[in-house]
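Asks: Got a sequence here, can you model it:
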Amino acid sequence: MTKKKTHLVVRIDERGRTTIPKEMLKLLGIQAGGIMVFSREDDGPFYVGRGELKIEIPFSQKEKGRKQRT
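Replies: This is a model prediction of the structure:
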């Protein structure tokens, strides 16, 4: 059985930006505005995948028994 390899080559502009082809974003399960994570351990290979950013601000949630100001 032959393994399918996918390679991606992108150009980085003078401001350090790049464009990821739609096909690659689809393979990674990332939509426009999503977060891409690059992970590497020591001198090993880089791994790329979909990321998530969670922010919790406890005081921003409605407290029990108190009315929320409008």
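Asks: pLDDT below threshold where in the protein?
Replies: The chain contains residues with pLDDT under 70 at 60-70.
Asks: in it, which spans are strands?
Replies: 35-40, 46-51 (DSSP state E).
Asks: Need the residues that contact stretch 31-38.
Replies: The set of residues that contact stretch 31-38 without belonging to it, under CB atoms under 8 Å, 6 or more residues apart in numbering, is 20, 25, 28, 30, 46-53. Where C-beta positions appear, they are placed from N, C-alpha and C, glycine not excepted.
Asks: Between the two ends of it, how far is it?
Replies: Distance between the boundary residues of stretch 31-38 (CA to CA, to the nearest Å) amounts to 16 Å.
Asks: how about that stretch: buried residues?
Replies: Going by neighbour count (16 or more other CB atoms under 10 Å), nothing in stretch 31-38 comes out as buried.
Asks: And it, how far out from the chain middle?
Replies: A distance of 3 Å separates the C-alpha centroid of stretch 31-38 from that of its chain, computed with CA atoms, centre = their mean, to the nearest Å.
Asks: Same check on stretch 17-33?
Replies: Between the mean C-alpha location of stretch 17-33 and the chain-wide mean there is a distance of 10 Å, by CA atoms, centre = their mean.
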